[in-house]
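Engineer: everything below, folded, please.
(2 chains)
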Protein chains: 2
Amino acid sequence: MNTFKPTAMLLLTLILIYSPDTHAKHIFTDLDGKFIKADSLTWVGKASPVKKTYHRVDTAIYNKMPQKIKSLFTNSAGIAIAFTTNSTSIAAKWSVKNGKGLPNVSDINSMGLDLYIKKEGTWRYAGIGRPEGSFSEKTIVTNMDTLTKECLIYLPTYDEVTSLEIGIDKSSFIIPSTSPFEGKYVIYGSSITQGASASRPGMAYPARMARATGLNFINLGLSGNGKMEAPVIEMLGDITCDAYIMDCIANPSPQEITERAPHAIRYLRKKHPETPIIFIQSIVRETGLFDEKARLVNQQQNEAIEHVFKELQKEQIPYLYLIKENYFLGIDHEGTIDGVHPNDLGFDRMIRVIQPAILSILNKK
Amino acid sequence: MNTFKPTAMLLLTLILIYSPDTHAKHIFTDLDGKFIKADSLTWVGKASPVKKTYHRVDTAIYNKMPQKIKSLFTNSAGIAIAFTTNSTSIAAKWSVKNGKGLPNVSDINSMGLDLYIKKEGTWRYAGIGRPEGSFSEKTIVTNMDTLTKECLIYLPTYDEVTSLEIGIDKSSFIIPSTSPFEGKYVIYGSSITQGASASRPGMAYPARMARATGLNFINLGLSGNGKMEAPVIEMLGDITCDAYIMDCIANPSPQEITERAPHAIRYLRKKHPETPIIFIQSIVRETGLFDEKARLVNQQQNEAIEHVFKELQKEQIPYLYLIKENYFLGIDHEGTIDGVHPNDLGFDRMIRVIQPAILSILNKK
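Structural biologist: Coordinates of the predicted model:
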């Protein structure tokens, strides 16, 4: 939790209130508001510093990565801004590049905002910024008391934010919070990691696990593209972190897993001799309940990573772990939106299995 | 379960295969398909016969209902078609009136299709029809074995279907199934009943409860409009059913509840002296976690219906029940998409509370 230092707070408040980016706007219920550029607040969920504020990875540096991957890293999945305010209303103005939804992801998740406020020591849902295409201006929550609150706004999971301003009551203060989560636990994966198909940005599983554990889980999910290509593994290797969580078995073919996973493991182990590398098998895809081919591919993917681990045993690579699929989505087959992507029910069940497994590994180190 | 009568089956198959509505189309993975008009299959989820096939209520008869409500009853929430086939692929061509999504409902739910197949005595998710605006033509599932299967396709929850054809392998048969659910349990309510914000049509709570219990729960949810207006209550009264489940406290104001609920109860009781009338309090809205006004309104709504029940005690109305809000959405505040509408996690928790309560009441009668 933040502890307040009144003097510093006052100073920051004055700077922010009178910054040229601030202006009043009548979108609040019963009072004028002012808007603050989000850039001046605390960034959460970034693996490393990024020039373009809302991107997850500086793709200009990693120009060998496939174009599609560079584009996906401009999506703000897992990125949040943290601030402290006594405003009774919180609003936002934000622009996104695409502003077009996906059939299997709610617009609130793909291009909306999701506010949590800390209460009695836990992060609690407080309101969403309901998107309206490429530019939105919305009140997220209103009619609150004037107590000082620690806030966290998750940004869109499936779009590129191009601007973001936070609105508060004219008479209130807003200051950057200290970073709310500890350490750095990178999760590299597929669309499932990126956030499909949670109902809102804060329901993506890395975000939920961060709030639940206090650990700084970083979302490096790449929709359809978590395939362990060498340039992406190099980029991961440049991140100094407390663990690599590799939820990247759903996208590559069984053959790609066999070919690429050994390199990924050896490369990361060489660059970071003691950082845990935790692979997670793919969820059992519900598309395979009746589609026999889909079932087979999914099964072969999970067999391929198991085989890689078996083969690597002779190299005695330390701090290397595999979390095996173990009814991640439950047993009633109601945990996905489309047979591939967990809905919030599926994610809840998945978290109940993988979070304790990850925590147990991290303590084991 | 359906039991097969080969002779009848063959006859129906021939009729359907050679009907003029059927034609081949190359959308299957590895074989030609043929399309059958859905009208010729078994309808599930209707409260009463409706001239316009895809509507829930014949709004031409109930023309005193507000226009918005008549429009909402054209949405196919809770309607499904049941059929039996040995096809290895199932496809669909369907048109919807609006074809535009909502920010807080996935397109798959609002205008897509959702297929379940019975396996080992339970309904299992099999595939979705991923919508693409107002007309879609999609394979829902493929690569299945050729065993005879009982299928159920849920229609869009938040759009009006204007045409629907089901595609199967050219060499396969398709026949109407017997109705898979027993009795008629009408659920009248708000957007939450209609299906916001489940991830797909089959995840709306009346549909989930029907599959789980085998009881025919009918979805008469009206987004934003479950307000117990007299003409709507009259329409409900014309339905002969096994229970009225009134999940209609979220939309009306506390004053409207006080004014309208007594009439609704007396009217339905008079027309159907022994049919259970089960009211359900509103979920505690998560918007009220920080928004004090929202919290108060929600609290007053639930107090209003409790007060109505208390007042009616002296009339000793039989078979009248109230299911009180009892952490319907759990305690972690992660059960909604937007503070108002449950996500699949919230629905799962809600069902765990209300389903046993409803079943217990129904046995009690």
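Engineer: what lines up beside whatever helix or strand residue A:278 lives in in the sheet?
Structural biologist: Applying DSSP states H and E as the criterion places residue A:278 in strand A:277-280. Strand A:277-280 has the following strand partners under DSSP bridges: strand A:243-247 (parallel), strand A:320-323 (parallel).
Engineer: next SSE after that strand?
Structural biologist: Immediately after strand A:277-280, counting by DSSP H and E, sits helix A:292-312.
Engineer: got any ranges where chain A has weak pLDDT?
Structural biologist: A:1-31, A:364-365 (pLDDT under 70).
Engineer: which strand or helix spans residue A:115?
Structural biologist: strand A:113-119.
Engineer: downstream neighbour of that strand in the secondary structure list?
Structural biologist: Per DSSP H and E, the first helix or strand lying C-terminal to strand A:113-119 is strand A:122-129.
Engineer: can I get that next one in CSV, CA atoms only?
Structural biologist: Output in CSV follows, covering the C-alpha atoms of strand A:122-129 (Å, rounded to 0.1, in the frame of the first residue of the first chain):
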residue,chain,number,x,y,z
THR,A,122,-7.6,-5.8,-2.0
TRP,A,123,-8.2,-4.5,-5.6
ARG,A,124,-11.8,-4.2,-6.3
TYR,A,125,-13.7,-3.6,-9.6
ALA,A,126,-14.9,0.0,-9.8
GLY,A,127,-16.0,0.7,-13.3
ILE,A,128,-15.4,0.3,-17.0
GLY,A,129,-14.7,2.8,-19.8
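Engineer: could you give me the buried positions within it?
Structural biologist: A:123, A:124, A:125, A:126, A:127, A:128, A:129 (16 or more other CB atoms under 10 Å in any protein chain shown). Placement of C-beta: from N, CA and C, glycine included.
Engineer: of the residues you listed, which is the nearest to residue A:335?
Structural biologist: Distance to residue A:335, by CB to CB, is smallest for residue A:125 among the buried residues of strand A:122-129, at 20.6 Å.
Engineer: that closest one against residue B:289, yeah?
Structural biologist: Yes. Using CB atoms under 8 Å, residue A:125 is in contact with residue B:289, at 6.5 Å.
Engineer: which residues do the two both contact?
Structural biologist: Counting by CB atoms under 8 Å, 6 or more residues apart in numbering or on different chains, the contacts common to residue A:125 and residue B:289 are B:333, B:339.
Engineer: list the contacts for the closest residue to residue A:284 other than its chain neighbours?
Structural biologist: Counting by CB to CB, 6 or more residues apart in numbering or on different chains, residue A:284 lies nearest to residue A:325, which is 5.8 Å off, once chain neighbours are set aside. Applying CB under 8 Å, 6+ apart, we find residue A:325 in contact with A:281, A:282, A:283, A:284, A:302.
Engineer: and the last one, how far is that from residue A:250?
Structural biologist: Residue A:302 is 10 Å from residue A:250, where distance means CB to CB, to the nearest Å.
Engineer: neighbour count: those two, which is higher?
Structural biologist: Looking at residue A:302 and residue A:250 with other CB atoms under 10 Å in any protein chain shown, you find the greater number of neighbours at residue A:250, namely 23 against 20.
Engineer: where does the stretch 151-300 of chain A get nearest to chain B, which residue?
Structural biologist: The minimum distance from the stretch 151-300 of chain A to chain B, using CB to the nearest CB, falls at residue A:199 (3.8 Å).
Engineer: how about that residue, secondary structure?
Structural biologist: Following DSSP: H, G, I helix; E, B strand; the rest coil, the label given to residue A:199 is coil.
Engineer: was I right about it contacting residue B:198?
Structural biologist: No. Applying CB under 8 Å, one finds residue A:199 not in contact with residue B:198, separated by 9.7 Å.
Engineer: find residues that contact each of the two.
Structural biologist: Counting by CB under 8 Å, 6+ apart, the residues touching both residue A:199 and residue B:198 are B:343, B:344.
Engineer: roughly how far is stretch A:129-143 from the heart of the chain?
Structural biologist: Per CA atoms, centre = their mean, to the nearest Å, the displacement of stretch A:129-143 from the mean C-alpha position of its chain is 20 Å.
Engineer: buried ones in it?
Structural biologist: Judged by neighbour count using 16+ other CB under 10 Å, the buried positions of stretch A:129-143 are A:129, A:130, A:131, A:136, A:137, A:138, A:139, A:140, A:141, A:142, A:143.
Engineer: grab the nearest non-local neighbour of the second one.
Structural biologist: The shortest distance from residue A:130 to any residue that is not its chain neighbour, by CB to CB, 6+ apart, is 5.0 Å, and that residue is residue B:103.
Engineer: the one you found and residue A:94, how far apart?
Structural biologist: To residue A:94, residue B:103 is 14 Å away according to CB to CB.
Engineer: need the overlap of contacts for these two.
Structural biologist: Joint contacts of residue B:103 and residue A:94 (CB under 8 Å, 6+ apart) are residue A:131.
Engineer: look at these two and report which has more neighbours.
Structural biologist: Using other CB under 10 Å, the more surrounded residue of residue B:103 and residue A:94 is residue A:94, with 27 against 22.
Engineer: who does the helix or strand containing that one pair up with?
Structural biologist: With elements taken from DSSP H and E, the one containing residue A:94 is strand A:90-96. The pairing partners recorded for strand A:90-96 under DSSP bridges are strand A:135-141 (antiparallel), strand A:161-169 (antiparallel).
Engineer: distance to residue A:183 for those - can I get that in JSON lines?
Structural biologist: Below are these laid out as JSON lines (distance: least, CB to CB, whole Å):
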{"stretch": "strand A:135-141", "distance to residue A:183": "28"}
{"stretch": "strand A:161-169", "distance to residue A:183": "25"}
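Engineer: and of those strands, who's closest to residue B:117?
Structural biologist: strand A:135-141 (40.0 Å).
Engineer: output the closest one as PDB, restricted to C-alpha atoms.
Structural biologist: The C-alpha trace of strand A:135-141 is given here as PDB (Å, rounded to 0.1, in the frame of the first residue of the first chain):
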ATOM      1  CA  PHE A 135     -12.300   7.700 -29.700                       C
ATOM      2  CA  SER A 136     -14.200   7.600 -26.400                       C
ATOM      3  CA  GLU A 137     -14.900  10.000 -23.700                       C
ATOM      4  CA  LYS A 138     -16.600   8.400 -20.700                       C
ATOM      5  CA  THR A 139     -17.300   8.600 -17.000                       C
ATOM      6  CA  ILE A 140     -15.900   5.400 -15.500                       C
ATOM      7  CA  VAL A 141     -17.300   5.800 -12.000                       C
END
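Engineer: any idea which helix or strand comes after it?
Structural biologist: strand A:149-154.
Engineer: how about residues contacting that following strand?
Structural biologist: Against strand A:149-154 from outside (CB under 8 Å, 6+ apart): A:1-2, A:38, A:44, A:78-86, A:90, A:92, A:113-118, A:123, A:126, A:129, A:140, A:166, A:177, A:180, A:200-202, A:204, A:207.
Engineer: run me through the strand neighbours of that strand, direction for each.
Structural biologist: By DSSP bridges, strand A:149-154 pairs with strand A:80-85 (antiparallel), strand A:113-119 (antiparallel).
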